[in-house]
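In: starting from these lines, generate the structure:
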Amino acid sequence: MVNVNSLSDTRQIAPPVRSVGSALYTAIAICLIVAMAALGAAYGIRGWINSMAGEATPAELSASHIITIGAQRYVMPAALLPDPIQHRDGFADRMDFTLALPLGAGGKLSEVAITIMPRGRTRTSAALLDSVYLHQFAPAQLSGVPGLVGKPLEPGAGTAGETVWYDPLHANPFVAKCMTPVAMTPGDRTCLRVLALTDRNTAIVTFDPAALDNWRRFDAEIEAALAPLRK
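Out: Next comes the predicted model:
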């Protein structure tokens, strides 16, 4: 729930007194109430949204917004957008949301976090393979994901513990970079893939490493999930 102080006693207002001191006190009290409400709205909105999960959906979260990224319009339910600042219609530089897609082991649902941006704002993972990652590969080679080659990155430049998994057989390969955290828990989204969408935007996707096993249909699942949101 939003951590805003109860103001139930404001209904019991004493009869007005015609004095400068009383008027000044009233003005100060109103300013404090407005300031407290503003702070509560600014800092408590995320907790409020989280606390509403599983309860009746407020009108604000049941609404949808038409958000334009690049040349593509998306009809986005407000409940999918965790950032209240993005709860508005019109053009935007980015859009952040999380979806549960059947990319886990045995087709189980696995959460992926998606950021959509206009194409050209960031390079795709496939483009980074030759231009950046190739020059940072360590001599070792990993296996474990059928069809993909795993190459650890040299520990310099803040890349210690990072591995690039890629398909070596295609001109436009699947490429994802995964990091190994100090403490790994199931469901942690420690892998990142940047892909070009068919609507001419770019998607930055973070996901659980277990989804790498379904790399062949990874992009198709992202496109299928976005299709009903496009207008």
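In: from residue 200, how far off is residue 153?
Out: As judged by C-beta to C-beta, to the nearest Å, residue 153 and residue 200 stand 30 Å apart. Backbone N, C-alpha and C define where each C-beta goes, glycine included.
In: neighbour count: those two, which is higher?
Out: Shown here are residue 153 and residue 200; by other C-beta atoms under 10 Å, residue 153 has more neighbours (21 against 13).
In: got phi/psi on the more buried one?
Out: Torsion angles at residue 153 (phi, psi; degrees, to the nearest 10) stand at phi -90, psi 150.
In: same for the lengthiest strand in the chain, what does it pack against?
Out: Ranked by residue count and defined by DSSP state E, the top strand of the chain is strand 110-118. Counting contacts by 3 or more C-beta pairs under 8 Å, 6 or more residues apart in numbering; DSSP states H and E, strand 110-118 is packed against strand 64-69, strand 95-101, strand 201-207.
In: now those in CSV, with mean pLDDT, distance to residue 143 and mean neighbour count?
Out: What follows is the helices and strands packed on strand 110-118, written out as CSV (pLDDT from 0 to 100; distance: least, C-beta to C-beta, whole Å; neighbours: other C-beta atoms under 10 Å):
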stretch, mean pLDDT, distance to residue 143, mean neighbour count
strand 64-69, 97, 37, 17
strand 95-101, 97, 25, 17
strand 201-207, 98, 20, 22
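In: which residues touch stretch 122-138?
Out: Contacts of stretch 122-138 with the rest of the structure, by C-beta atoms under 8 Å, 6 or more residues apart in numbering, involve 151-154, 156-157, 159, 164, 166, 172-177, 192-196, 202, 204.
In: okay, now the domains of the protein?
Out: Listed by automatic domain parsing, the domain ranges of the chain are 15-51, 64-229.
In: ranking those by mean pLDDT, which is last?
Out: Averaged per stretch, pLDDT over the domains of the chain is lowest on domain 15-51, reaching a mean of 40.
In: in stretch 122-137, what's buried?
Out: Within stretch 122-137, the residues scored as buried using 16 or more other C-beta atoms under 10 Å are 124-126, 128-129, 133, 136.
In: JSON lines please, covering those residues and showing secondary structure and distance to residue 102.
Out: Shown next, in JSON lines, are the buried residues of stretch 122-137 (DSSP: H, G, I helix; E, B strand; the rest coil; distance: C-beta to C-beta, whole Å):
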{"residue": "124", "secondary structure": "coil", "distance to residue 102": "23"}
{"residue": "125", "secondary structure": "helix", "distance to residue 102": "21"}
{"residue": "126", "secondary structure": "helix", "distance to residue 102": "23"}
{"residue": "128", "secondary structure": "helix", "distance to residue 102": "27"}
{"residue": "129", "secondary structure": "helix", "distance to residue 102": "26"}
{"residue": "133", "secondary structure": "helix", "distance to residue 102": "28"}
{"residue": "136", "secondary structure": "helix", "distance to residue 102": "33"}
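In: considering those residues, which is situated nearest to residue 212?
Out: residue 125 (12.6 Å; C-beta to C-beta).
In: check contacts around the residue nearest to the closest one when sequence neighbours are not counted.
Out: Spatially, and ignoring its direct neighbours in sequence, residue 125 is nearest to residue 175 (3.9 Å; C-beta to C-beta, 6 or more residues apart in numbering). Residues near residue 175 by C-beta under 8 Å, 6+ apart: 124-126, 128-129, 133, 164-167, 193.
In: residue 175 and residue 64: what is the separation?
Out: Counting by C-beta to C-beta, the gap from residue 175 to residue 64 is 33 Å.
In: repeat that for residue 218.
Out: Going from residue 218 to residue 64 by C-beta to C-beta gives 27 Å.
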